Each structure stands twice: as C-alpha cells, then as structure tokens.
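**Student:** my questions concern the predicted model and sequence given below.
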Amino acid sequence: MSGTVTGSLGDGGFAERAARADADDPLRAWLERFEPLPSDVVAYLDGNSLGRVAKGVNEAMVNFVGEQWGGRLIRGWDESWMNMPEALGDRIGAAALGAGAGQVIVGESTSVLLYKLARAALDARPGRSCIVVDTDNFPTDRYLLEGIAEERGCTLRWVQTDPGAGLTPDQVATAVDGDVALVVASHVSYRSAWIADAAAITAIAHEAGALVLWDVSHSVGSVPIRLDEWGVDLAAGCTYKYLNGGPGAPAFAYVRREHQSALRQPIWGWLGSVDPFAMGAGYEPSAGMRSVLSGTPHVLSMVALGVALGHLEEAGIEAVRRKSVALTSFALELADAWLVPEGVAVASPRDPDRRGGHVTLRRPDFRAVNERLWKLGVIPDFRYPDGIRIGLAPLSTSFAEVYRGLSALRAEL
Ligand SMILES: *Cc1c(COP(=O)(O)O)cnc(C)c1O
C-alpha cells in the first residue's frame, strides 16, 4: 500500500517503478552503448532533435580520418567511399523503413531531398496543379512547398489539422481530387507525436491518382515504417534524430522501385549522372537511386551514421518501439499524477498506437520553465507557442531519466 516517499514531494512510488522498469528492460544493455552524459546533464530528453553519441563513433571517425582520408587520399573514392550512399541507404531501409534494397540513398539534408522529390513528383503528374499539405506539417516542408508552388505556378491545398493530434485519412479523402498531383505529410508529427495512418492515406491519395511523399524524420528509428508494404511512392527523413548520425548528418530518400526510371529530380549534378568521370557534354541521369544525388556525398558524416545504425540494427525496430511506448506511457503517467493538476495540458495522443516517440506538454509559461530546466541540466525542448517536448530516444533513455526529468519539471511548477 505504501509508496516510497522521497524528499518533500511524495512521489507515489514512481522512483521504484522506474528502477524496476530499467531492471526489466530488454534493451537495458543499449544504455551502455552510448557515450556517458556530460556531468552537467541530469536528463537528456531531446534525442528526437539531436540523438546522443553512440559508442564506437569517436574511434571510427579518428580511424577514418587517419587511415582512409589520410592514408588513401583520392584513391579512397574508387576503393570504397563512392558507394557509401547506396550501401548505407540499404541498411537504413532494412533496419527502419521496411524498404527492399535499391530504393534508399543517403543524400543531402532532409529539406533538399524533400524539395527534389516533391518537384520530381509534381513533374510526373502533368496537368495536375495542386499539392495537398497540412497546416501543422514541419515548417521546412511547408516552406519548400510554398517555393515550389511559386516556381511551378501550382497551388497548395491546406488541410487544417489539430496541433494536438494530426492528419487523418478522412481529411485527406476530402482534400484530394483529379487536380491533386501530390500529397505531402509527416508520418509522426514533430509537435504532437501523432502517428498518421500512412497506409490508409497513401491508398486514398492513389485512388485520386496522386503521389504521396512521406516525411519520416520523426518516426525513423523509433516507430516501425513499412514503405514497401504501404505502397508509398516517396519518402525522406533525418538521420541526426533517432538514428544518432550527429549534427548535420545527411538525410535519406526513398523512391519506390517502379517510379525510379520515370521520376526526374531537378538538381542535375555530376554525381547523379550516369558516368561522372566521363565529364560528358550533357546530363544523362544514372539508373536507380543514384540519380537522386547531385554532388559529392557527405562521407565523414556517413561514417558516424554507419556506426550508430549498427546499434539499432542489433536491437531491432520492434523492440525499440516496445520500449518507446513504455517510456512515453510512463511519462504520461507522471504528467497525469504531477503536472496536469498544476494546469499542464497533454498535447499528444493518449492512444499508444497513435503516439510516436515523444510527449508534448503545454502550459502558458513553458518557455520560461524550459529555460530554467536547461540551467538545471534537464534538457527537453520548447516548441512554440507553449509546448515542452519530452523526447524519449528509446535506445539511450532510461526510465530513471524520465523520472528525474519530470521530477524537475514538477518542482519548477
Ligand atoms: C527535423 C525535421 C526536419 C529537418 O530538416 P533538415 O533539412 O534536416 O533541417 C524536416 N522534417 C521533419 C518532420 C523534421 O522533424
């Protein structure tokens, strides 16, 4: 009956619960596969913005610089670096995207890849002049599409979404018709963590003859994705969040195999051409995913990403998802017990099947509260207008850390 009471605030037995959950966690060994937190950080709750440093990355970078860059110099391109974008793309596809080989490539930033894929899709649907996008999609997605609309003289059809939830199949069904070339949506909402029903939305868009481009930045590495099975046409996503690739690590693009020969992205660079070193007179695209590339691949970043990805490959995305649901459920329990009575609103789905890897909590003073938490070494992030996002990267976050972070938030209120 009696819960453990620590300090001046009764904790309802949650500290003990956290300790038990950590002891029972099938992925507990993975907590040791990341470099320790710096001594001034009490709880890192922002792995969905920048994932932590995986063990092995440091050594791999040092080795690469010494032996590969330093030792092989220009010979390294022919020997092994040139095909890293496809090789790593295939690994991400298998580990996290449900994508068969030959459909994923690591390229530039998410923003640039989204631009390339959206332009290619629009051009593949001549006579259709509309792109469907929702009002709460990630800013870069919305801005890029605004730019494309201006550039190509097409219109954006905005779906008004609930910022505490996200895009639904019904909304998409209402928005698509014979004038829609493309639907662009986020699989997991960066704000609420809403998981869109990607299979249903893709099918609805296809019935109307439109293509679909999924931004999987906030799901890759935390929520299982099945691009092949869902019939998805195009996708792109980040590698520096749940994939732990490091700041500025390049993004990946997926193009369904059956579209690869027809789609043409707009940035025609030499490394996407059929034979870059022929230095030919005109551009002729390479076959397959290579044509998505434009310029020289981001080799150093891919070295770090490759090491980090190994930890996810070993854990398996289904086990990662089980832990993710347990972590966000625990965070919600703590929020309900400690924070909701203090005027905090939960702005993420309660249904675990619709909730991705983070939990957003809102209160009008949360911008200032977030600043105070950072000073205490508790690091969630703030999202306008009044949301604190508790990001819970499953492989590197313990239940005790969730407990410490939310205890600090409680104390601040
Ligand atoms: C983080 C994120 C991005 C980031 O794009 P960059 O080009 O890497 O800055 C894009 N879309 C979504 C949904 C994101 O969560």
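**Tutor:** Received the coordinates, thanks. Numbering: from 1, shown residues only.
**Student:** for the nearest residue to residue 269 once chain neighbours are set aside, identify the helix or strand it belongs to.
**Tutor:** Of all residues not flanking residue 269 in the chain, residue 294 sits nearest, at 3.2 Å (C-beta to C-beta, 6 or more residues apart in numbering). Just so you know, the C-beta spots here come from the backbone N, C-alpha and C atoms, and that holds for glycine as well. Here residue 294, judged by DSSP states H and E, is contained in no helix and no strand.
**Student:** shouldn't residue 294 be in contact with residue 108?
**Tutor:** Yes: using C-beta atoms under 8 Å, residue 294 is in contact with residue 108, at 7.2 Å.
**Student:** now do the phi/psi pair for the closest residue to the ligand within the stretch 201-350 of the chain.
**Tutor:** Proximity of the stretch 201-350 of the chain to the ligand (C-beta to the nearest ligand atom) peaks at residue 217, 3.4 Å away. Main-chain torsions, residue 217, degrees, to the nearest 10: phi -60, psi -40.
**Student:** excluding sequence neighbours, find me the nearest residue to it.
**Tutor:** Nearest residue to residue 217 in three dimensions, chain neighbours excluded: residue 238, at 4.0 Å (C-beta to C-beta, 6+ apart).
**Student:** I'd like to know how many residues surround the one you found.
**Tutor:** 27 (other C-beta atoms under 10 Å).
**Student:** can you pull the pLDDT of it?
**Tutor:** Predicted confidence (pLDDT) for residue 238: 98.
**Student:** also residue 5?
**Tutor:** What the model reports for residue 5 is a pLDDT of 41.
**Student:** give the contact list for residue 333.
**Tutor:** residue 14 (C-beta atoms under 8 Å, 6 or more residues apart in numbering).
**Student:** start at 54, not 1
**Tutor:** OK, 54 is where the count begins now, so the last one is residue 386.
**Student:** that one belongs to a helix?
**Tutor:** Yes: assignment of residue 386 by DSSP: H, G, I helix; E, B strand; the rest coil places it within a helix.
**Student:** any figure for the gap between it and residue 456?
**Tutor:** Separation of residue 386 from residue 456 (C-beta to C-beta, to the nearest Å) stands at 10 Å.
**Student:** and what of residue 402?
**Tutor:** Counting by C-beta to C-beta - residue 402 and residue 456 are separated by 22 Å.
**Student:** ok, residue 293 - contacts?
**Tutor:** Applying C-beta under 8 Å, 6+ apart, the residues contacting residue 293 are 103, 104, 299, 300, 301, 302.
**Student:** ok, 6 Å please
**Tutor:** Applying C-beta atoms under 6 Å, 6 or more residues apart in numbering, we find residue 293 in contact with 103, 299, 302.
**Student:** what is the neighbour count of residue 367?
**Tutor:** Other residues near residue 367 come to 14 when the count uses other C-beta under 10 Å.
**Student:** host element of it?
**Tutor:** Secondary structure assignment for residue 367, by DSSP H and E: helix 352-368.
**Student:** just the C-alphas of that helix, formatted as PDB.
**Tutor:** The C-alpha coordinates for helix 352-368 follow below in PDB (Å, rounded to 0.1, in the frame of the first residue of the first chain):
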ATOM      1  CA  VAL A 352      31.400  10.800 -46.400                       C
ATOM      2  CA  LEU A 353      32.600  11.800 -42.900                       C
ATOM      3  CA  SER A 354      29.000  12.100 -41.600                       C
ATOM      4  CA  MET A 355      28.200   8.800 -43.100                       C
ATOM      5  CA  VAL A 356      31.000   7.100 -41.100                       C
ATOM      6  CA  ALA A 357      29.400   8.200 -37.800                       C
ATOM      7  CA  LEU A 358      25.900   7.300 -39.000                       C
ATOM      8  CA  GLY A 359      27.000   3.800 -40.000                       C
ATOM      9  CA  VAL A 360      28.400   3.100 -36.600                       C
ATOM     10  CA  ALA A 361      25.300   4.400 -34.800                       C
ATOM     11  CA  LEU A 362      23.000   2.400 -37.100                       C
ATOM     12  CA  GLY A 363      24.700  -0.800 -36.000                       C
ATOM     13  CA  HIS A 364      23.200  -0.400 -32.600                       C
ATOM     14  CA  LEU A 365      19.700   0.000 -34.000                       C
ATOM     15  CA  GLU A 366      20.200  -3.000 -36.300                       C
ATOM     16  CA  GLU A 367      21.100  -5.200 -33.400                       C
ATOM     17  CA  ALA A 368      18.300  -4.100 -31.200                       C
END
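**Student:** what comes into contact with the lowest-mean-pLDDT helix or strand in the chain?
**Tutor:** None of the helices or strands of the chain scores lower by mean pLDDT, DSSP states H and E than strand 434-436, at a mean of 95. The contact list for strand 434-436, computed with C-beta under 6 Å, 6+ apart, reads 99, 102, 244, 420, 423, 441, 442.
**Student:** list the contacts of the lengthiest strand in the chain.
**Tutor:** If you go by DSSP state E, the chain has its longest strand at strand 233-239. Residues outside strand 233-239 that contact it (C-beta under 6 Å, 6+ apart): 174-175, 178, 181, 183-186, 190-191, 220, 249, 258, 261, 263-266, 268.
**Student:** and it, which strands flank it?
**Tutor:** Take DSSP bridges as the rule and strand 233-239 pairs in its sheet with strand 183-187 (parallel), strand 264-268 (parallel).
**Student:** show me the contacts for the residue of the stretch 254-403 of the chain closest to the ligand.
**Tutor:** By C-beta under 6 Å, 6+ apart, the residues touching residue 270 are 163, 290, 291.
**Student:** what count of nearby residues applies to the spatially closest residue to residue 366 that is not a sequence neighbour?
**Tutor:** Distances taken as C-beta to C-beta, 6+ apart put residue 148 closest to residue 366, at 4.7 Å, once the chain neighbours are dropped. Residue 148 has 21 neighbours, counted by other C-beta under 10 Å.
**Student:** pLDDT score assigned to residue 148?
**Tutor:** What the model reports for residue 148 is a pLDDT of 98.
**Student:** got the residues of the stretch 304-453 of the chain near the ligand?
**Tutor:** residue 304 (C-beta under 6 Å from any ligand atom).
**Student:** in the stretch 304-453 of the chain, what residue spans correspond to helices?
**Tutor:** Counting by DSSP state H, counting those that start in this stretch, the stretch 304-453 of the chain has helices at residues 352-368, 370-387, 419-428, 452-465.
**Student:** in TSV, list these along with mean pLDDT.
**Tutor:** Listed next are the helices of the stretch 304-453 of the chain as TSV, based on pLDDT from 0 to 100:
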stretch	mean pLDDT
helix 352-368	98
helix 370-387	98
helix 419-428	98
helix 452-465	98
